[in-house]
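> only geometry, no sequence info:
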């Protein structure tokens, strides 16, 4: 049978988590927390499970949640939105990205992706009949704006930006933000997909969002994730923000993918965000990042900047010359810790001997992992 996705196999996340289980390794690979959700969320979920909210929600989302998202964005970004026409609740951020690319990309049109990139972008472009154009970030994960400007052309339909960046943990600065705005000005038909699922998990540096600039927000699909924000990844609830004309097209696809998203989860999140300060999340995860780095003092790993997300990238040149995939396999089998190699996030499998640890774990998990890693 001829496949529509010849480059797609078992994801690295599945592979490493399976290996972690097989070898009883500590799993710092896949990006999910292993600590409980907020007890207030548990109580609201229990309460709402007994209410009359078990049937189909409206296609775009429960009005009370759409209004809650609009209020949160107004508070955090000082942006006023029309909840019914500019916000869409999705079955996780990945489904939102897929729906957006299917709606916006026509056969033969180009989509620019910055590598290393989240692995859902390229397949979605391919299934839409588009052409994925991959531009590698520099070795320090900064954007080569000269190369990007030379690449974007009249055939470029969409530019995908991920900020804070997964898998590297790097964040755009003011100069990057200014350069992005200029690219959008120079190409008035270009649409931006701004993947900001880690928007509230940021540390010392300011997060620059497409919400912040008229040029960007008037031509952007901004992707957010309740799963990342409130560490409840299994709920699979995210949302998109886009101008009405763009959102209208995305909703056409969304209604035939999932139609509507889990109603009880939506009602629970609507109740929760009205009483929660999302801006405090960065401090929570910064403490975990700093704790992990402190525990790893004396290890042979070279720590790279972690400016956002709940990931820490490291280089292992002082330990091994193995390619990163093989090094991660060795790490699971011999050391008992699972990590993610970064080469799999590059279209050309570029290997800088860099791997990624997830520090969204309990202190006990981080302590045990660090003890094993420091023995290398």
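Done, it's in. If you're wondering where the values come from, they're calculated on a predicted model, not measured in any experiment. Numbering: from 1, shown residues only.
> can you pull the buried residues of stretch 362-373?
Buried residues in stretch 362-373, counting neighbours by 16 or more other Cβ atoms under 10 Å, are found at 365-366, 368-370, 373. Quick note: C-beta positions are derived from backbone N, CA and C, even for glycine.
> Which member of those is positioned nearest residue 316?
residue 373 (10.1 Å; Cβ to Cβ).
> if I pick the closest one, what's in contact with it?
Residues near residue 373 by Cβ atoms under 8 Å, 6 or more residues apart in numbering: 296, 299, 301, 335, 337.
> Make JSON lines from these and add distance to residue 148 and pLDDT to it.
Converted to JSON lines, the contacts of residue 373 look like this (distance: Cβ to Cβ, whole Å; pLDDT from 0 to 100):
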{"residue": "296", "distance to residue 148": "34", "pLDDT": "97"}
{"residue": "299", "distance to residue 148": "35", "pLDDT": "96"}
{"residue": "301", "distance to residue 148": "31", "pLDDT": "98"}
{"residue": "335", "distance to residue 148": "38", "pLDDT": "97"}
{"residue": "337", "distance to residue 148": "36", "pLDDT": "96"}
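> Give me the buried subset of those.
By 16+ other Cβ under 10 Å, the contacts of residue 373 give 296, 299, 301, 335, 337 as buried.
> picking that back up, which members of the buried residues of stretch 362-373 occur in helices, if any?
Mapping these onto helices (DSSP state H) picks out 365-366, 368-370, 373.
> and those as TSV, adding distance to residue 183 and pLDDT?
Formatted as TSV, those follow (distance: Cβ to Cβ, whole Å; pLDDT from 0 to 100):
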residue	distance to residue 183	pLDDT
365	41	96
366	39	97
368	45	97
369	40	97
370	41	97
373	40	97
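> ok, so of the residues you listed, who is nearest residue 35?
Nearest to residue 35 among these, with distances taken as Cβ to Cβ, is residue 365, at 8.7 Å.
> The closest one touches residue 33, doesn't it?
No: in this structure, residue 365 is not within contact of residue 33 by Cβ atoms under 8 Å, at 9.9 Å.
> Can you point out the buried residues in the lowest-mean-pLDDT helix or strand in the chain?
Across the helices and strands of the chain, mean pLDDT, DSSP states H and E gives its lowest value to helix 12-22, namely a mean of 87. Neighbour-count burial for helix 12-22, counted by 16+ other Cβ under 10 Å, picks out 12, 15-17, 19-20.
> which of those lies closest to residue 275?
Nearest to residue 275 among these, with distances taken as Cβ to Cβ, is residue 17, at 33.7 Å.
> Next one: the closest one from residue 11, what distance?
Distance, residue 17 to residue 11, using Cβ to Cβ, to the nearest Å: 9 Å.
> again with residue 18
According to Cβ to Cβ, residue 18 and residue 11 sit 11 Å apart.
> for residue 125, what are its contacts?
Residue 125 neighbours (Cβ under 8 Å, 6+ apart): 101, 105, 111, 113, 131-132.
> Please enumerate residues in contact with stretch 247-256?
With Cβ under 8 Å, 6+ apart as the test, stretch 247-256 has contacts from 59-60, 85-88, 90, 95-96, 99-100, 102-104, 221, 240, 242.
> roughly how far out does that stretch sit from the chain middle?
Remark: stretch 247-256 is offset 21 Å from the chain centroid, using Cα atoms, centre = their mean, to the nearest Å.
> which parts of that stretch are buried?
247, 250-251, 253-254.
> swap in stretch 216-235?
Using 16+ other Cβ under 10 Å as the test for burial, stretch 216-235 gives 216-217, 219-233, 235.
> Out of these, which sit inside helices?
216-217, 226-229.
> Nearest to residue 313, out of those residues: which one, please.
residue 228 (17.5 Å).
> Excluding chain neighbours, what is closest to the closest one?
residue 197 (4.8 Å; Cβ to Cβ, 6 or more residues apart in numbering).
> Check which helix or strand residue 56 maps to.
Here residue 56, judged by DSSP states H and E, is contained in no helix and no strand.
> the helices in the stretch 51-200 of the chain, which residues?
Remark: helices assigned in the stretch 51-200 of the chain by DSSP state H, counting those that start in this stretch are 63-77, 83-86, 93-104, 121-127, 145-151, 174-186.
> Can you lay out those as CSV showing distance to residue 305 and mean pLDDT?
Output for the helices of the stretch 51-200 of the chain, formatted as CSV (distance: least, Cβ to Cβ, whole Å; pLDDT from 0 to 100):
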stretch, distance to residue 305, mean pLDDT
helix 63-77, 24, 97
helix 83-86, 34, 98
helix 93-104, 24, 98
helix 121-127, 23, 97
helix 145-151, 19, 97
helix 174-186, 14, 97
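> Pick the most buried one from those helices.
With neighbours taken as mean count of other Cβ atoms under 10 Å, those reach their highest mean count in helix 93-104, at a mean of 24.
> what does it rub up against?
So helix 93-104 is contacted by 88, 90, 111, 120-121, 124-125, 127-128, 130, 157-158, 191, 193, 195, 197, 221, 223-225, 227-228, 236, 238-240, 242, 246, 249-250, 252-254, 257-258 (Cβ under 8 Å, 6+ apart).
> make it 7 Å
With contact meaning Cβ atoms under 7 Å, 6 or more residues apart in numbering, helix 93-104 is reached by 90, 120-121, 124-125, 128, 157-158, 191, 193, 195, 197, 221, 223-225, 238, 240, 249-250, 252-254, 257-258.
> quick one, strands of the stretch 201-350 of the chain?
Assigned by DSSP state E, counting those that start in this stretch, the strands in the stretch 201-350 of the chain fall at 220-225, 238-241, 302-303, 311-315, 337-338, 340-341.
> helices or strands up against the second one?
What that stands for is strand 238-241. For strand 238-241, the elements it packs on are strand 87-90, helix 93-104, strand 220-225, judged by 3 or more Cβ pairs under 7 Å, 6 or more residues apart in numbering; DSSP states H and E.
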